[in-house]
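[1] Sequence unavailable; structure follows:
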């Protein structure tokens, strides 16, 4: 009796597994696509208050216009700017990222891009270390302000 129940259970299980509809993966061969020069920008060691702007350059390697719908930093200290116009096939575009260098210490942040590309969500990274300003450079800046 146990064998009959086991065989019946396995039969029902295998039939139900085969009855599930298999979904076909649709690939749009004409869809736009990103090709970034680099996907991570390392600021290295930079001084507090220095220029925090860096640029990610990409090419649309697809066959239709690439529209960047949204770019978002992982926190308020990372402010990305997206291209407003569509990027035509074969053309390059830029995503500018400004990190707030008034925050001392190491950082590793993510910029998330949403677009009409074949890979609709893309993540880029920035990282680096913001150093405290050296006392000699702070004194020199103060002297230059006083002398003007």
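    Received the coordinates, thanks. On a predicted model such as this, the values are computed, not experimentally measured, just so you know. Residues are numbered from 1 along each chain as shown.

[2] Relative to residue 109, how far out is the spatially most central residue of the chain?
    Geometric centre of the chain, nearest residue: residue 123, 2.2 Å, by Cα atoms, centre = their mean. Separation of residue 123 from residue 109 (Cβ to Cβ, to the nearest Å): 11 Å. Every residue, glycine included, has its C-beta placed from N, CA and C.

[3] So for these two, which residues contact both of them?
    Shared contacts of residue 123 and residue 109 (Cβ atoms under 8 Å, 6 or more residues apart in numbering): none.

[4] The residue nearest to the centre of the chain is in contact with residue 111, isn't it?
    Yes. Using Cβ atoms under 8 Å, residue 123 is in contact with residue 111, at 7.1 Å.

[5] ok, residues contacting stretch 79-94?
    The contact list for stretch 79-94, computed with Cβ under 8 Å, 6+ apart, reads 32, 55-68, 70-73, 95-98, 100, 111, 113.

[6] residue contacts, residue 64?
    30, 31, 32, 89.

[7] Let's see that with 6 Å instead.
    By Cβ atoms under 6 Å, 6 or more residues apart in numbering, the contact list for residue 64 reads 30, 32.

[8] can you tell me how far it sits from residue 85?
    Per Cβ to Cβ, residue 64 is found 14 Å from residue 85.

[9] pLDDT weak spots in the chain?
    Residues of the chain meeting the criterion pLDDT under 70: 1, 4-5, 8-27, 135-148.
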